[in-house]
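Participant: Return atomic coordinates for the entry below.
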Amino acid sequence: MTKDEACRLFSKEYIALAEKDKNIFAELVNRILQVNYIPCKKYNREIYTFYKDNEKLFQTYFFISDLDFGIELNLQVAYLKNIGNFNKMSLNKLESLILLVLRMLYQRLSQEITLSDEISVNYSDLHKELLTVKAIDDKIKKNTILEILKKYRSYNLIDYINFDFDEDTRIVIEPSVMLAVSFESMKDIVDKVESYKKGNKENEETDED
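Facilitator: Next up is the predicted model:
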């Protein structure tokens, strides 16, 4: 599809929208631009459904700006990714390692429960896993980890309710983490963790969509 074709298709789809839906469309364009991922959860199920029902409209709109919009039906996540290398989020080594461990935990736990259930870990379990794979050491302060988790929460990669963060604080790992870190197997994730731990120069910083 060319951009001219995308413009024509978008115009056709947009004109057919009711006025109320045009306002919703504008709101949801801005929402997904802010967070990149919209998982289908109880509080935003209607939002996810609007993305799904109007997928072609969003696809053509974002395609014009070199952005890839889509719906991952198996994970029930609406997503927005860069087609080019623009405006990607830069992660330092520690941020990358924590994201990889979250992805590792999601894949491991998803084999034990169905996708319809929330996949979550206590903060203490996450911290233990980070120590186990040597993603962190005892010198890393808790506040440093919490700032990184806060960042990932803003992108709908995780969620949590207790902002005080004690050892029992429950962290929900969203299915969108599978799209943010798209490896084929657990071995690929473990290999990537090992690569970051070795401190290779090319891995000191990475980009995420």
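
Participant: and residue 2, how far is that from residue 98?
Facilitator: 40 Å (Cβ to Cβ, to the nearest Å). (C-beta placed from N, C-alpha, C; glycine too.)

Participant: Show me which of these two is the more surrounded one.
Facilitator: residue 98 (23 against 8; other Cβ atoms under 10 Å).

Participant: was I right about the more buried one contacting residue 135?
Facilitator: Yes. Using Cβ atoms under 8 Å, residue 98 makes contact with residue 135 at a distance of 6.5 Å.

Participant: which residues of the chain fall in strands?
Facilitator: 37-39, 67-72, 77-82, 89-92, 120-122, 158-160, 170-173, 205-208 (DSSP state E).

Participant: and residue 51, what does it touch?
Facilitator: 28, 32, 38, 58, 71, 78 (Cβ atoms under 8 Å, 6 or more residues apart in numbering).

Participant: change it to 10 Å
Facilitator: Contact analysis of residue 51 by Cβ atoms under 10 Å, 6 or more residues apart in numbering lists 25, 28, 31-32, 38, 40, 44, 57-58, 69-71, 77-80.

Participant: circling back to that earlier point, anything in contact with each of residue 98 and residue 135?
Facilitator: 129, 145.

Participant: Model confidence for residue 161, exactly?
Facilitator: Note on residue 161: pLDDT of 78.

Participant: That one: neighbour count?
Facilitator: 8.

Participant: Now it: phi and psi?
Facilitator: Backbone dihedrals for residue 161, given as degrees, to the nearest 10, come out at phi -110, psi -40.

Participant: mind giving me the domain split of this structure?
Facilitator: The chain breaks down into these domains under automatic domain parsing: 3-82, 89-199.

Participant: Which of the ones you listed has the lowest mean pLDDT?
Facilitator: domain 89-199 (a mean of 83).

Participant: so what's residue 175 up against?
Facilitator: Counted by Cβ under 10 Å, 6+ apart, residue 175 has contacts 37, 39-41, 72, 74-77, 106, 110, 115, 118-119, 156-157.

Participant: swap in residue 35?
Facilitator: So residue 35 contacts 79-80, 153-157, 176 (Cβ under 10 Å, 6+ apart).

Participant: Ends of stretch 61-80, what's the gap?
Facilitator: 12 Å (Cα to Cα, to the nearest Å).

Participant: Report the buried residues of it.
Facilitator: Neighbour counts over stretch 61-80 (16 or more other Cβ atoms under 10 Å) mark 61-63, 67, 69-71, 75-80 as buried.

Participant: Could you do stretch 91-106 as well?
Facilitator: Buried, per 16+ other Cβ under 10 Å, within stretch 91-106: 91, 93-106.

Participant: Spatially, which two of these are the most separated?
Facilitator: 93 and 106 (20.6 Å; Cβ to Cβ).
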